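# fold the following and give me the result.
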Amino acid sequence: MPAPLVGRKFGVNIVPVPDRAACRDIRVLGISGSSRQQTGMSKSERLLGRALEACSSYGCQTTSLRLKDLRIYDCEGNYSENPSYCTYPCQSSLKYDDDQMQVVYDAVLSSDVLFLATPIRWNNHSALVQKFVERMNSIENQYSWFGNRMIRDKVAGLIIIGHVDGIQHVAGNLLNFFSWLGFHTPEIAIASWVGENDEDTTKDWALIENNRYTREDLQNLVASSIRLACALRRHVAEETAT
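Residues are numbered from 1 along each chain as shown. Predicted coordinates for the structure are as follows:
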C-alpha cells in the first residue's frame, strides 16, 4: 500500500545549475508590476530582485523595470475597430509624446528571459500588469494579423505574491498571454507565496524569507529559465549554422 501524501516533497525536484559559460551572454529582464511607491516596499519586487541576483551570479546580464515609474497610457482599443489599426510602434506611443511604453518594448525585445512579478489583487494580477498586457497586444498583433513574429526564442516566468488564494488563476491568465506572444515557458515557470487568512501583511516578508518551498521555487525558476534560454540559443545557432 503506497504511503499517503502528506504534502509536497521538499528537495526532490531541483533543477540543475546552468552552465555559467553558456549563461554569460543571456540577457534577463525583470519587470515589477507592483504599485508600491518606493523600491523595496513590494514583496513581489523583492523576490524579483533575488531572482535577478541569482541570474547575475550565473553570469547573465540583468535589467529591471518598475512599471510604476513609467508614464504608460492605456490601450485605446484600436484593434476593436480594425485589427490593422493595432500596429507596432503602438498608436498610443505615437500619439502621446510622454508615453514611455517604448522603453518596455525595447527591453522585452532585447531580452532572452523575462521575469514578470505581480501581487494578487482580488484574485487577479495588478492593474499595472493588466495595462502592460493590453499594450503588448501591438506586439502580438504583428504576428496574428500582419504575419511578423516579433517574439522568438524567448523565455517567460512569473513571480506571484498574495494574501488570498489566486495564484493559479493569475498564472493561467499570464502564461496564456505569454504563449500568444510567442514566449516559451520553462520547466518551473512560477515562484509564488500565499499568506494566511488573517490578512496580517506586516509579517509577510519574514514568512516569505523562511518559506523553503518559495526559495526552492525561485531557485528552480531561475535555473530552468536560463537553461531553456541557453538551449534555445543553441537551437538557433544550429539552425542558422552560426
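
# so who does the residue nearest to C90 when sequence neighbours are not counted touch?
Nearest residue to C90, sequence neighbours excluded (C-beta to C-beta, 6 or more residues apart in numbering): S138, at 4.2 Å. Where you see a C-beta, it was placed from the backbone N, CA and C, and this is true even at glycine. For S138, the contact set (C-beta atoms under 8 Å, 6 or more residues apart in numbering) comprises C86, T87, Y88, P89, C90, Q91.

# how about the last one, what does it touch?
Going by C-beta under 8 Å, 6+ apart, Q91 touches E76, N78, Y85, S138.

# touching stretch 233-242 from outside, list them.
Surrounding stretch 233-242, the residues in contact under the criterion C-beta under 8 Å, 6+ apart are A22, I26, D112, D153.

# hmm, I typed the wrong one, I wanted stretch 191-201.
So stretch 191-201 is contacted by 43, 47, 51, 120, 157-167, 171, 204, 207-208, 211, 214, 217-218, 220-221 (C-beta under 8 Å, 6+ apart).

# now, of those residues, which are buried?
43, 47, 51, 120, 157-163, 166-167, 171, 204, 208, 214, 217-218, 220-221 (16 or more other C-beta atoms under 10 Å).

# sorry, back to before: quick one: which of the contacts of Q91 sit in helices?
Among the contacts of Q91, DSSP state H puts N78, S138 in helices.

# and which of the contacts of Q91 is nearest A229?
Here the nearest of these to A229, counting by C-beta to C-beta, is S138; it sits at 24.1 Å.

# helices and strands of the chain: which one has the lowest mean pLDDT?
Ranking every helix and strand in the chain by mean pLDDT, DSSP states H and E puts helix 20-23 at the bottom, with a mean of 84.

# distance from the chain centre to that one, please.
In terms of C-alpha atoms, centre = their mean, to the nearest Å, the centre of helix 20-23 is found 21 Å from the chain centre.

# now the element after that helix, going C-ward?
Next in sequence after helix 20-23, counting helices and strands by DSSP states H and E, comes strand 27-32.

# tell me which residues are up against that following strand.
Outside strand 27-32, the residues touching it (C-beta under 8 Å, 6+ apart) are 42, 44-45, 48-49, 51-52, 55, 60-68, 104, 107-108, 110-117, 132, 225-226.

# can you tell me the SS state at A191?
Of the three states, A191 takes strand under DSSP: H, G, I helix; E, B strand; the rest coil.

# and it, bridged to which residues?
I159 (DSSP bridges).

# how much space separates it from E239?
31 Å (C-beta to C-beta, to the nearest Å).

# try W180
Counting by C-beta to C-beta, the gap from W180 to E239 is 23 Å.

# these two: who's more crowded?
Per other C-beta atoms under 10 Å, whichever of W180 and E239 has more neighbours is W180, with 16 against 9.
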